[in-house]
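>>> Need coordinates for the below:
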Amino acid sequence: MRFWLLLSFCFYAGTLLAQPDHAKYLSLQEGLSSRQVIDVAHDKNGFIWVATEMGLNRFASNSFKQYYKAEKADGSSVNSNEINTLLYDDDHLYIGTRANGLNVYDLKTNRFSYHLHNPKDRNSIATNDITDIIKARNGKLWLATYHQGVQRFDPVTQTFERFNKSQLAALSENSVWTLAEDKSGLLYIGHVNGGVSILNPDTREVRLIRNTNAQSFIPDNEVKALFCDSKNNIWIGTRKGLAVYHPLTKTIQQVALAAHASNGAEPFVFSIKEIDGTIWIGAASSQLFVLQPTYNALGELAMPAAIKLFSLKSGNDASIQNIDRDQFGNTWLAIYSGGLAFIGHIKPFFLR
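Take a look at the predicted model:
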């Protein structure tokens, strides 16, 4: 299977090498269940998993397989068609749904299990609306929720630990879009309206980063994307642009994208990924910004940075919700209102 998948990916890559500024698009006509794609992930076998508002999709060998909500939650499929986020780890696909909790697909047994809120069980998930999932350095999983803060899930004991304003009053709010963890284990929590909370899980101390009148601040308090780069900088994507937080010096830099944007305004940033030393920034209006960073001795971003706009042809209503790179070096873009985009083994945007 891996051999045939590799041949399939190499075929796509070969068609794109001659046109490095163009992506291959996969949508309804190729078998994708919905153009409303929210997340994309890959597993060790070469399968590409796609989260949409109309089911889970698996792409392999130039075709899609759909997983829709089953009439009974009997382990044969997902328990919801509205899927927000995906994480692959150790032969398991973790599936965060919009209103039906956490689904876990065991790739070895081809069976689904479900974790739902149980008001009588304090070890159950606090709410069923999951917006993001990341793996912590200790092997546990962090889950963001829209209504009840953050959950820490132990895959071994199958239990959840709750981190919300009931336990941690210092958190900015309980509504969370996104998560990231830095190299020291600090958890960065991107809120719907409350900026960023920085949580030390060991001490339970919380520090806030918000849009204020202070000299150093983030562009907006709606934070949709967080990413920790190889230098341990935290990239913060907001509704009104991009910023970088430096944990060592506790300083913030705003990164201006408006001069490169298609409409001349700071974009709504939905996703951030580091690829081959460049930072890819997925935004609204089909905009993909690629930034070539340089750093000072402390690992801080040196400004100004070289930025290139890679304009996808999905329309002004489309947004790049997530970016993933598979083990073959191909890049996949989850595009809301635009389906799935594929860029294979592209040449560097910045030539030295």
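>>> drop to CA atoms for contacts and neighbour counts, all remaining ones
OK.
>>> just checking, Asp324 touches Leu333?
Yes: in this structure, Asp324 is within contact of Leu333 by Cα atoms under 8 Å, at 6.6 Å.
>>> Of those two, which one has the most company?
Leu333 (29 against 21; other Cα atoms under 10 Å).
>>> What helix or strand is that one located in?
Assigned by DSSP states H and E, Leu333 belongs to strand 330-336.
>>> any idea which residue of this structure is furthest from its center?
Largest separation from the mean C-alpha position in the chain: Lys120, at 31.6 Å (Cα atoms, centre = their mean).
>>> any idea how far that one lies from Pro201?
Remark: distance between Lys120 and Pro201 (Cα to Cα, to the nearest Å) = 25 Å.
>>> quick revisit: and the helix or strand following the strand holding Leu333, what other elements does it pack with?
Next along the chain after strand 330-336, taking DSSP H and E as the criterion, comes strand 339-344. Judged by 3 or more Cα pairs under 8 Å, 6 or more residues apart in numbering; DSSP states H and E, strand 339-344 is in contact with helix 2-17, strand 24-26, strand 330-336.
>>> Can you list the low-confidence ranges for the stretch 251-352 of the chain?
Across the stretch 251-352 of the chain, the ranges flagged by pLDDT under 70 are 345-352.
>>> Just the strands from the stretch 51-200 of the chain, written as ranges.
Taking DSSP state E, counting those that start in this stretch as the criterion, the stretch 51-200 of the chain contains strands spanning 55-60, 63-67, 83-89, 92-97, 102-106, 111-115, 130-135, 141-145, 150-154, 159-163, 176-181, 187-191, 196-199.
>>> out of the ones you listed, which comes closest to Gly329?
Gly329 lies closest to strand 55-60 among these, at 15.7 Å (Cα to Cα).
>>> who does that closest one touch, helix- and strand-wise?
strand 48-52, strand 63-67.
>>> now it: mean pLDDT?
Across strand 55-60, pLDDT averages out at 97.
>>> Give me the angle between that strand and strand 48-52.
160 degrees (axes from the mean of the first three to the mean of the last three Cα atoms, to 10 degrees).
>>> ok so, going back, distance from the chain centre to the strand holding Leu333, please.
11 Å (Cα atoms, centre = their mean, to the nearest Å).
>>> Just the CA atoms of that strand, as CSV, please.
Provided in CSV are the C-alpha atoms of strand 330-336 (Å, rounded to 0.1, in the frame of the first residue of the first chain):
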residue,chain,number,x,y,z
ASN,A,330,4.0,17.1,0.0
THR,A,331,2.0,20.0,1.5
TRP,A,332,-1.8,19.8,2.0
LEU,A,333,-4.0,22.8,2.6
ALA,A,334,-7.5,22.5,4.2
ILE,A,335,-9.6,25.2,2.6
TYR,A,336,-13.0,26.2,3.9
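>>> Can you tell me which helices and strands that strand packs against?
Using 3+ Cα pairs under 8 Å, 6+ apart, strand 330-336 sits against strand 37-42, strand 319-325, strand 339-344.
>>> could you dump the strands of the stretch 51-200 of the chain to TSV with distance to Ser230 and mean neighbour count?
Compiled in TSV, those are given as follows (distance: least, Cα to Cα, whole Å; neighbours: other Cα atoms under 10 Å):
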stretch	distance to Ser230	mean neighbour count
strand 55-60	29	22
strand 63-67	33	16
strand 83-89	20	23
strand 92-97	25	24
strand 102-106	29	22
strand 111-115	33	17
strand 130-135	16	24
strand 141-145	20	25
strand 150-154	24	22
strand 159-163	27	19
strand 176-181	12	26
strand 187-191	16	27
strand 196-199	19	24
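>>> and those strands as JSON lines, adding distance to Phe227?
Listed next are these as JSON lines, based on distance: least, Cα to Cα, whole Å:
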{"stretch": "strand 55-60", "distance to Phe227": "24"}
{"stretch": "strand 63-67", "distance to Phe227": "29"}
{"stretch": "strand 83-89", "distance to Phe227": "15"}
{"stretch": "strand 92-97", "distance to Phe227": "19"}
{"stretch": "strand 102-106", "distance to Phe227": "22"}
{"stretch": "strand 111-115", "distance to Phe227": "27"}
{"stretch": "strand 130-135", "distance to Phe227": "11"}
{"stretch": "strand 141-145", "distance to Phe227": "14"}
{"stretch": "strand 150-154", "distance to Phe227": "17"}
{"stretch": "strand 159-163", "distance to Phe227": "20"}
{"stretch": "strand 176-181", "distance to Phe227": "6"}
{"stretch": "strand 187-191", "distance to Phe227": "9"}
{"stretch": "strand 196-199", "distance to Phe227": "12"}
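>>> Any idea which of those strands gets closest to Ala297?
strand 176-181 (22.2 Å).
>>> I'd say Arg137 and Leu187 touch.
No: using Cα under 8 Å, Arg137 makes no contact with Leu187, being 10.5 Å away.
>>> still on that earlier bit, the strands of the stretch 51-200 of the chain: which one's closest to Ile281?
strand 176-181 (14.9 Å).
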